[in-house]
Each structure stands twice: as structure tokens, then as C-alpha cells.
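[1] I'd like to go over a predicted model; first the sequence, then the structure.
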Amino acid sequence: MTLNDLVKEFGLEVKAGAGLLDREVAGGYVSDLLSDVLAHAEDGVLWVTLHIHQNIVGVASHKGLAGIVLVQGRVPEKDTVAKAEEEGIPIMVTDLSAFEFVGRLYKAGIRGA
Amino acid sequence: MSPREVVSAAMRKGMDLIGVCDHNSAENVLAVKKAGERNGLMVLGGMEIASSEEAHILAFFDDDDDLLAFQEYVYEHLVGRNDEHAFGLQVIADDEDGVTGFCDRLLIAATTLPAEAIVSRVRAARGESLVIAAHVDRESFSIIGQLGFIPPSLALDAVEVSARMSANEVRERFPDCKKFPVITGSDAHGPEDIGKRFTCFTIADGTAAEIKKALAGRDGRKAEC
């Protein structure tokens, strides 16, 4: 499944990296602690978080994540979007809570590592 | 930001005293202190430590040996190597802006130290020290943002409010802050931010010992923001 499939399926709003949505999603990870993502997220997974600070982009780039979904309609900070465009990290937004969104991802076949 | 850039920006903005805190590191502090000394700018040396809860805490030490020993303690509790592509170069400079090395630790990461452990360790320093909750008005990486409220047992000297909110706004939005002296600071990450926000201290010299008195309102010392 690609990011594009998920954007269409769940009506995600794309905030950065619109040209990179053909990336395959290898799995999912949900966490709001950056250090936890640094330690445990695996290559190619989609990261679900409510964190909007620009450091999420550095972490996603370092870990080679497929992209980031912000939950609860969170608006990424301006610096975050700029850095994501620069680093090639897609950022998408859902209005759902993390619990609801991850539940739907799981149902769609995305699994944790 | 290089040591000379920091010092000249601070002097341009009319600062008398600045606090220098890199994230989880103090490698550049002594260079900034030396550059400041040469130009008549007082520099208080410290670190901004990311606790295991990802709350940022500022620690300042009057004694450089205390600062360096504290840095060792932080390094012992910091895992990983820097990725220059993702997080940038971590330059170590001298007081003339010469590059003397690079720090290859993953300084952006959080330490494995809980906030309580950081505060107790700072307090155990031989010389005078200050421990301050950083930018409590920010949602990310502030003790209130990460933990919901300030744990009552946390023996902070003050809470810092960044340029994003006024001290009064913070006291209103986060009643916990009324329990501590409030200082305002720029949380500067680039020279253009230096001096955007400051606290006016009435003190005899630029030491943690004097600032501590000012925060407590002792001996005619004052902190106004």
C-alpha cells in the first residue's frame, strides 16, 4: 500500500511532500515521544503522532520513515512544513484521534513492525 | 551560531549578561565565556538537558568544573550517534570561531534521566547552580507540555517563559507557574533571536549565586520581567 492509497482511503490532508506519495508503507508506528521513535520505529513505516514541532522531520528523515500523519486535525508549525519539503518527508493530517486512525490503518492491512 | 556571533549579537542588543545552553552539551560554553570576557559581556555557562520525559531543563553552574562534570553525567545517559544529514553538523569552536572538532553524539535525543534526577544532580554540584524549567509556555519539550503539570516535588529555582507568551499570560494559563519565580528569556536558536526577550536582574555580578538571590528577592537583589 502506498501513501497515496492511504490519502485517498482516509481523506488525509497533505501538508508537505505531495510529490512523494507513491512511497510504499512498510508498517505503522504510533508515538508522541521523539526519543521512542528514534529508538524503535523501523525503516519505511508511517508515523502517527500529535507532535507538530519541526524535530519530527529530522527524526523521520534519520529513521527513513515513509511519512508522518498528524492526528486530531493538528496544524504543523510553519518551520515543520518548510523542513519537510526540504527533507522530502510527506506530512499528512487526519481529523481522527490516534486511536481511531490507527484502528482504521490496521483494518486496511497496515501492521506494526 | 558561533561564539563570536553570539557575543556580538548580545552586545548589539545591549545585554549585560547572557546564559548559554546547548542541547545536552556544554562543548561550546567555555569558548563563549572567553569571547564574552574579552568583550565585557558576562556569560553564565549551562546546558539545556532533555529529560527522559522530553522536558527541557536548564542548568547553570558558577564553577566550570561542575558544568563539565555534569556534561559527563548527561553524556553517560545519552544514547546514539549524530546523523549530520538529518540533524546538521555539531561544531565545536574556540573563542575566535575556529573549528576545533565535531561532537558526534546524538545531541537531539532525550537522555534517559528523569526530570527529578536531573534536578537533584544539579543541586548536588559543589559550587552554586541554578535549575530552571525551560520555555514552559511551549507545547513541545516543556515540563508542563510533557507532564501536564509541574511535579510538586521538583525543586526548581524558576520557570522560564520564552518570547511566545507574557509572564502574566503564563501564570494565568498554567497556575503551577505561580509557585515559582518566573523569568523571561529569548530561547534564541539564532543570532536574530538574541535579546528578543530578557529579564532585568538587579545583582552584584553575573553569577548563579547572585541570580538565586534575585529570584528569592534577598539582599536587595531583584528579578523583573
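    Ah, there it is.

[2] confirm that residue B:30 sits in a helix.
    Yes. Assessed with DSSP: H, G, I helix; E, B strand; the rest coil, residue B:30 lies in a helix.

[3] for it, list the residues it contacts.
    B:45, B:64 (C-beta atoms under 8 Å, 6 or more residues apart in numbering or on different chains). (Each C-beta comes from the backbone N, C-alpha and C, glycine too.)

[4] and if you look at residue B:165?
    Applying C-beta under 8 Å, 6+ apart, the residues contacting residue B:165 are B:137, B:173.

[5] and it, how far from residue B:59?
    23 Å (C-beta to C-beta, to the nearest Å).

[6] now swap in residue B:47 and tell me
    5 Å.

[7] between these two, who's got more neighbours?
    residue B:59 (29 against 24; other C-beta atoms under 10 Å in any protein chain shown).

[8] so where is chain B shaky, pLDDT-wise?
    Within chain B, not a single segment meets pLDDT under 70.

[9] which non-adjacent residue is nearest residue A:109?
    Spatial nearest neighbour of residue A:109, excluding adjacent residues (C-beta to C-beta, 6 or more residues apart in numbering or on different chains): residue A:1 at 6.5 Å.

[10] number of residues surrounding the one you found?
    Neighbours of residue A:1 (other C-beta under 10 Å): 15.

[11] which residues touch it?
    With C-beta under 8 Å, 6+ apart, residue A:1 has these contacts: A:24-25, A:108-110.

[12] need the max-distance pair from the residues you listed.
    A:24 and A:108 (13.8 Å; C-beta to C-beta).

[13] and those two? Which one has more around it.
    Set side by side, residue A:24 and residue A:108 show more neighbours around residue A:108, with 14 against 10, by other C-beta under 10 Å.

[14] got a pLDDT number for the more buried one?
    The score at residue A:108 is 96. That number is its pLDDT.

[15] relative to residue A:28, how far out is it?
    10 Å.

[16] what does chain A put close to chain B?
    Proximity of chain A to chain B, by C-beta under 8 Å from any C-beta of the partner chain, involves residues A:33-35, A:38-39, A:51-53, A:55, A:58-59, A:61-62, A:87.

[17] ok, 10 Å please
    Residues of chain A lying near chain B by C-beta under 10 Å from any C-beta of the partner chain: A:32-36, A:38-39, A:50-64, A:77, A:87, A:89.

[18] of the residues you listed, which belong to helices?
    With helices taken from DSSP state H, the overlap with the residues of chain A next to chain B comprises A:34-36, A:38-39, A:55-63, A:87.

[19] list the contacts for the residue nearest the centre of chain A?
    Centroid-nearest residue in chain A, with C-alpha atoms, centre = their mean: residue A:68, separated by 1.4 Å. Applying C-beta atoms under 10 Å, 6 or more residues apart in numbering or on different chains, we find residue A:68 in contact with A:15-17, A:37, A:46-49, A:51-52, A:56-57, A:59-60, A:76, A:80, A:84, A:89-93.
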